[in-house]
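K.L.:
sequence? don't have it. structure:
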């Protein structure tokens, strides 16, 4: 691919479902970005340099400026550190890492090197999110309800790592809801109670129920299910003193008391990459850890129960 002199040249590491479905089209559609190379096991893309690992790409690949890491969360911290050490800006697909502790030294490393580190909470760029945030500014909130239910067999085919340590289980998609809650509410949020359901043959939860509250005691209830058959649900309901505001479809749609509010067309990952491009142009980082911190706290204080084994899919 031919780059313009001012393009940000990106190497995409990890060519799984999310990279192919979202990252590749978004990079192609975003002005000022060029896909320079890919890395990961298996075949790459036609007519584009490819290496089996990031290390091999850094050693003998073509020139590039930034890395988008779309690998499983476990081990991503080491990849990000290697990229930063090589002078590359880094975008981390959500969840940004398997642990909170991995991100803090990465942020310090990026700052010391004058590079950009971006924890990419992509759902915050969905079209209903900023209109919802504006609507909530003058609507006192009484309660919040999150329902995040999807079918692991549809959205994560063959990705056994997601139910292993570091894979986060149902919180891999559920962290998107937490990224929206922490973005839309004006005060910090904490976990006050959690029930986690672990399959007998796995080490990460397949379902979870969380009770949360903000600093003023606002009650927040969140339900996550990784075995939802039929219609999929990605909804957040804000019961306010001036009606029920519903953010649905993972941030794609917005309504007030059942009446739809017009929003822009979906361009979530394009917005994400525009943000990354702009951060890099200013040599700034954006590494919000609040969503990952809520997941860590749920694991810390949650009551665990064992449910039926979940085989391969």
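P.N.:
That came in fine, so what should we check first? Source: prediction; values computed, not measured.
K.L.:
Residue 135 is in contact with residue 245, isn't it?
P.N.:
Yes. The pair residue 135 / residue 245 is scored as a contact, 5.8 Å apart, by CB atoms under 8 Å. For the C-beta atoms, the positions are set from N, CA and C on the backbone; glycine is no exception.
K.L.:
Of the two, which one has the most company?
P.N.:
Ranked by neighbour count (other CB atoms under 10 Å), residue 135 and residue 245 place residue 245 first, with 24 against 20.
K.L.:
What helix or strand is the nearest residue to the more buried one once chain neighbours are set aside located in?
P.N.:
Leaving aside its sequence neighbours, residue 245 sits nearest to residue 238 (CB to CB, 6 or more residues apart in numbering; 4.3 Å). Secondary structure assignment for residue 238, by DSSP states H and E: strand 233-240.
K.L.:
Check which helices and strands that strand is in contact with.
P.N.:
Judged by 3 or more CB pairs under 8 Å, 6 or more residues apart in numbering; DSSP states H and E, the packing partners of strand 233-240 are helix 129-136, strand 141-149, helix 171-184, strand 243-248.
K.L.:
Which neighbours in the sheet does that strand have, and how are they oriented?
P.N.:
As defined by DSSP bridges, the strand partners of strand 233-240 come to strand 141-149 (antiparallel), strand 243-248 (antiparallel).
K.L.:
Dump the ones you listed into JSON lines; add mean pLDDT and distance to residue 207 as well.
P.N.:
Formatted as JSON lines, the strands paired with strand 233-240 follow (pLDDT from 0 to 100; distance: least, CB to CB, whole Å):
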{"stretch": "strand 141-149", "mean pLDDT": "98", "distance to residue 207": "9"}
{"stretch": "strand 243-248", "mean pLDDT": "98", "distance to residue 207": "20"}
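K.L.:
picking that back up, and residue 116, which of the helices and strands packed on strand 233-240 is closest to it?
P.N.:
Nearest to residue 116 among those is helix 171-184 (19.0 Å), distances taken as CB to CB.
K.L.:
how many other residues sit next to residue 160?
P.N.:
Residue 160 is flanked by 12 other residues according to other CB under 10 Å.
K.L.:
Go ahead and confirm it touches residue 312.
P.N.:
Yes. Between residue 160 and residue 312 there is a contact under CB under 8 Å: 7.0 Å.
K.L.:
before we move on, back to that, can you check which of the strands paired with strand 233-240 gets nearest to residue 211?
P.N.:
Each of the strands paired with strand 233-240 has some distance to residue 211 by CB to CB; the shortest is strand 141-149, at 11.0 Å.
K.L.:
Okay, buried residues for the closest one please.
P.N.:
Residues 141, 144-149 are the ones in strand 141-149 that count as buried (16 or more other CB atoms under 10 Å).
K.L.:
again, but for stretch 63-77
P.N.:
64-74, 76-77.
K.L.:
for stretch 86-99, same thing?
P.N.:
86, 88-98.
K.L.:
How far off centre is stretch 49-69?
P.N.:
In terms of CA atoms, centre = their mean, to the nearest Å, the centre of stretch 49-69 is set 23 Å apart from its chain centre.
K.L.:
Offset the numbering so it begins at 15, please.
P.N.:
Sounds good: first residue 15 from here, last item stretch 63-83.
K.L.:
what comes up buried for stretch 200-212?
P.N.:
For stretch 200-212, by 16+ other CB under 10 Å, it's 203, 205, 208-212.
K.L.:
I'd like to know how many residues surround the residue nearest to residue 152 when sequence neighbours are not counted.
P.N.:
Using CB to CB, 6+ apart and skipping the chain neighbours, the partner closest in space to residue 152 is residue 256 (8.0 Å). Taking other CB under 10 Å as the neighbour definition, residue 256 ends up with a count of 11.
K.L.:
what about residue 25, how many neighbours?
P.N.:
26.
K.L.:
separation between it and residue 183?
P.N.:
29 Å (CB to CB, to the nearest Å).
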